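no sequence on hand, only this structure:
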Ligand SMILES: Cc1cc2nc3c(=O)[nH]c(=O)nc-3n(C[C@H](O)[C@H](O)[C@H](O)COP(=O)(O)O)c2cc1C
Ligand code: SF4
Ligand code: FES
Ligand code: FES
């Protein structure tokens, strides 16, 4: 720690999954090498995800806080010479705003960060997640020390209840209440489980927290164990696709164990508690709490009927308190900064912040944390910078396969548990996908349903057979074989499946279909009646055509076509509809956008 | 030849099971470790697991088949995964998947006869900001052009041989 103060110059390089994919490990290596070569007093800190993964690798140089993006290992010598030693930024590596064209010197000047509020992600992207000292220096484990030394378990539960914290795993169950139930349950052995399964496609907030700030989750879990009582063992369930999260959490666990924050008699308080990692094996339904417990027990991860609640009979039929990663990471801040401070953030019924994965057809994609109550419009247009390629906005899909779509007319809906429910969507775990005019809502609904259908555990018929039948209908519609009455049939089946399925997967699977029907019914009708896909996505309903008058005859489309469908004639190129698979690869490469999609408009006889 | 193989599989598997002695709920972990060792779950290994844990083979198979990340046939040297999660889907991952399919002559989930390539889909690897995402041998690929990726993987092999 002394060393740290001595070194004024620090270089923070993002080593989250996104930046790694863009080469940040090479950048880190180059820095270390160069610093050693020149014998400099500069510390290189590999951090967790800083949110703006799209612009990675990200490098922040302190003390000036100069923010550079898309850094390459080749840039490193110049960065050291110029930025680290002389405090001058490199123009080329600065961020230029996509909307205003302004150049930003540090993170605070970037609109992407301006409306965010980093509470859970307070350390993510700032500290080295594999160094427990870094966490402690920023006030980490202070909450735990406070709780163990001067607060009774009942008081802790009261604080969590008071704060208004609701579970971030999707449903928004009050966390304090869950802890209270778990404490009240009779049992000499209880468990605490952290749900890091994050099976929702398009979501990566839990991954980023586990990778970038594992100690905040561990601290939250220890506090939970103390509050619930009689807990000596806890589990963090991480999905298999997240190897870096597993690695960083393992490192954090062994460091915590080493200095007596886990194990026997934690901080001399008499509390015995340890945590083990369980890796998932690729089943979305295992994110559901009862299925997750089955999976930890080494069985098929199938949900079971509740009651009994897990807080009464969970893992190995013992009382179990299960919370989401983000929920646990909230706990230490609530305790150190106090309930009053926390309650000021958010809306009346939804307190605090929420992390979202902002993706899809939006200019700035990445991981964002915003106070509850912010509107969807602010997220998409202020933080996200608006729709990609200045196309027309169509909808935001919130909450993953169990959520729904929000159309333009509801863009001003505040993001909180109640308001989202009112417009037919839900908070879910935090995927936020922006769609534009070139996305077909029927096809999107089909996409989500095909996911849930595939992931249904098959225990109950409405979910297993119902989603299959709905998928058949949707597939028919996008293939141009839809019939009058299909939409009404989908609606009826959707409602039926929602009310009769056992677990949340079946209960929410029809949501994307129902909300797209609600807001984009005309698109369904046009597929069914006119055999026409307004967005030009559904292949069976139209064809690609090269506009001969505009075509430069550069031949790029021909090269891009994997199906040899683009033919060359003496007077130009044309697409042979027999070979064309409709993948649209030609459209992407055409430099002057002269390939269009035209619907067949076959009117049914 | 086959016998020696069985022997090795059995021995290794027994070693893995031993590591978990006295612990509860370890079947999934054992299967994961065994798969890590062999790249898939050989039938003999599953028989050994059933024997060692004193449960039926049907039980072992039942659990293994429930999870999508367990494989019952050998997999390719190079595993190409195309993400078809929401973010990637919206940004055109299906065109990429199809191009891989044509280039490799494989369908989603298949392994080439020479065991060089396996092509499969994944529903999100948590790198959504960079969508569409292609994962080559567990590393998210910077290069996204399927033709170039396949050519590079093939080229490297030839040089290596
Ligand atoms: C099909 C399905 C998948 C789920 N996946 C997750 C998940 O990946 N992560 C998660 O935290 N909760 C998930 N949940 C919600 C959990 O069942 C549970 O409500 C939550 O983890 C409780 O934690 P919380 O109170 O902190 O939100 C899922 C629920 C269902 C029905
Ligand atoms: S609703 Fe679907 S996923 Fe849930 S228990 Fe029933 S079949 Fe399984
Ligand atoms: S991984 Fe670097 S910003 Fe997300
Ligand atoms: S959806 Fe492809 S990485 Fe998340």
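Arrived safely, thanks for sending. Because the structure is a prediction, the values reported are computed rather than measured. Ligands and ions are numbered 1, 2, ... in the order given.

okay, CA-based contacts and neighbour counts for the rest of this
Will do.

gap between the residue located most distally from the centre of chain B and ligand 2?
When distances are taken from the C-alpha mean of chain B, residue B:22 lies farthest, 28.8 Å away, according to C-alpha atoms, centre = their mean. With the distance defined as C-alpha to the nearest ligand atom, to the nearest Å, residue B:22 ends up 31 Å from ligand 2.

how close does that residue sit to residue B:53?
Using C-alpha to C-alpha, to the nearest Å, we find residue B:22 at a distance of 11 Å from residue B:53.

quick one: residues contacting residue A:508.
Contact analysis of residue A:508 by C-alpha atoms under 8 Å, 6 or more residues apart in numbering or on different chains lists A:401-403, A:498.

er, residue A:22 actually
When contacts are counted by C-alpha under 8 Å, 6+ apart, residue A:22 touches A:56-57, B:142.

just the closest residue of the stretch 501-605 of chain A to chain B, please.
For the stretch 501-605 of chain A, the nearest residue to chain B under the criterion C-alpha to the nearest C-alpha is residue A:583, separated by 5.4 Å.

tell me how far that residue lies from residue A:565.
As it turns out, when the distance is counted by C-alpha to C-alpha, residue A:583 lies 11 Å from residue A:565.

quick one, which of these two is more surrounded?
The neighbour count for residue A:583 versus residue A:565, taken as other C-alpha atoms under 10 Å in any protein chain shown, is higher for residue A:583 (21 against 18).

am I right that the more buried one sits in a helix?
No. With DSSP: H, G, I helix; E, B strand; the rest coil as the criterion, residue A:583 is assigned coil and is not in a helix.

quick check: it touching residue B:97?
No. With contact defined as C-alpha atoms under 8 Å, residue A:583 does not reach residue B:97; the gap is 10.2 Å.

which residue ranges of the stretch 401-550 of chain A form strands?
Defined through DSSP state E, counting those that start in this stretch, the strands belonging to the stretch 401-550 of chain A, from first to last, are A:404-407, A:431-436, A:542-546.

for the record, mean pLDDT for the first one?
When the per-residue pLDDT values of strand A:404-407 are averaged, the result is 92.

just checking, what packs against that strand?
Applying 3 or more C-alpha pairs under 8 Å, 6 or more residues apart in numbering or on different chains; DSSP states H and E, one finds that strand A:404-407 makes contact with strand A:393-398, helix A:511-529.

need the three-state assignment for the residue of the stretch 201-350 of chain A found nearest ligand 4.
Relative to ligand 4, the nearest point of the stretch 201-350 of chain A is residue A:202 (4.0 Å; C-alpha to the nearest ligand atom). Classification of residue A:202 by three-state DSSP places it in coil.

that one: what's it in contact with?
By C-alpha under 8 Å, 6+ apart, residue A:202 lies in contact with A:357, A:359, A:400, A:431-433, B:85-88, B:124, B:126, B:128.

mark which of the residues you listed are part of strands, please.
The strands, defined by DSSP state E, take in A:357, A:359, A:431-433 from the contacts of residue A:202.

neighbour count for those residues - can I get that in TSV?
As requested, those are arranged in TSV below (neighbours: other C-alpha atoms under 10 Å in any protein chain shown):
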residue	neighbour count
A:357	26
A:359	31
A:431	29
A:432	29
A:433	26
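
which positions in the stretch 301-450 of chain A make contact with ligand 1?
Taking C-alpha under 6 Å from any ligand atom, the part of the stretch 301-450 of chain A that reaches ligand 1 is made up of A:322-324, A:327.

against ligand 3, how distant is the closest residue to residue A:163 other than its chain neighbours?
When the adjacent residues along the chain are set aside, residue A:163 lies closest to residue A:339, with 5.1 Å between them (C-alpha to C-alpha, 6 or more residues apart in numbering or on different chains). Shown here: residue A:339 relative to ligand 3, a distance of 30 Å by C-alpha to the nearest ligand atom.

could you do residue A:41 as well?
When C-alpha to the nearest ligand atom is the yardstick, residue A:41 and ligand 3 sit 25 Å from each other.

related to what we said a few turns ago, neighbours of the residue nearest to residue A:163, just the number please.
Burial measure for residue A:339: 18 neighbouring residues, criterion other C-alpha under 10 Å.

list the contacts of it.
Residue A:339 is in contact with A:159-160, A:162-163, counting by C-alpha under 8 Å, 6+ apart.

recalculate using a threshold of 7 Å.
The neighbours of residue A:339, taking C-alpha atoms under 7 Å, 6 or more residues apart in numbering or on different chains as the test, are A:159, A:162-163.

contact residues of chain B facing chain A?
B:24-28, B:63, B:66-69, B:85-87, B:90-91, B:95, B:99, B:123-130, B:140-142 (C-alpha under 7 Å from any C-alpha of the partner chain).

list the contacts for residue A:45?
Counting by C-alpha under 7 Å, 6+ apart, residue A:45 has contacts A:11-13, A:128.

for those, which one is nearest ligand 3?
For ligand 3, the nearest member of these is residue A:13. The distance, counting by C-alpha to the nearest ligand atom, is 8.1 Å.

and the closest one, what are its phi and psi?
In terms of degrees, to the nearest 10, the main-chain angles of residue A:13 are phi -110, psi 130.

where does chain A have low pLDDT?
Along chain A, the parts satisfying pLDDT under 70 run over A:1-7, A:577-578, A:599-605.

tell me the contacts of the most centrally placed residue in it?
Among the residues of chain A, residue A:203 comes closest to the average C-alpha position under C-alpha atoms, centre = their mean, at 2.4 Å. Under the criterion of C-alpha under 7 Å, 6+ apart, the contact partners of residue A:203 comprise A:357, A:430-431, B:126.

among the residues you listed, which pair sits farthest apart?
Within these, two members stand farthest from each other by C-alpha to C-alpha: A:430 and B:126, at 12.4 Å.

now do the SS call for residue A:355.
Put simply, residue A:355 is strand when judged by three-state DSSP.

can you count the residues close to it?
If we define neighbours as other C-alpha under 10 Å, then residue A:355 has 27 of them.

same thing with residue B:37?
14.

phi, psi of it?
Its backbone dihedrals place residue B:37 at phi -70, psi -50, with angles given as degrees, to the nearest 10.

over to residue A:46?
Taking degrees, to the nearest 10, you get phi -80, psi 120 for the backbone angles of residue A:46.

what does the one 10 residues further on give?
As for residue A:56, its main-chain torsions (degrees, to the nearest 10) stand at phi -70, psi 170.

over to the one 3 residues further on?
The phi and psi values for residue A:59, taken as degrees, to the nearest 10, are phi -130, psi 130.

find the nearest non-adjacent residue to residue A:573, please.
Taking C-alpha to C-alpha, 6+ apart as the measure, residue A:573 lies nearest to residue A:567, with 5.6 Å between them; neighbours along the chain are not counted.

next one: residue B:92
The spatially closest residue to residue B:92, leaving aside those adjacent along the chain, is residue B:132, at 6.6 Å (C-alpha to C-alpha, 6+ apart).
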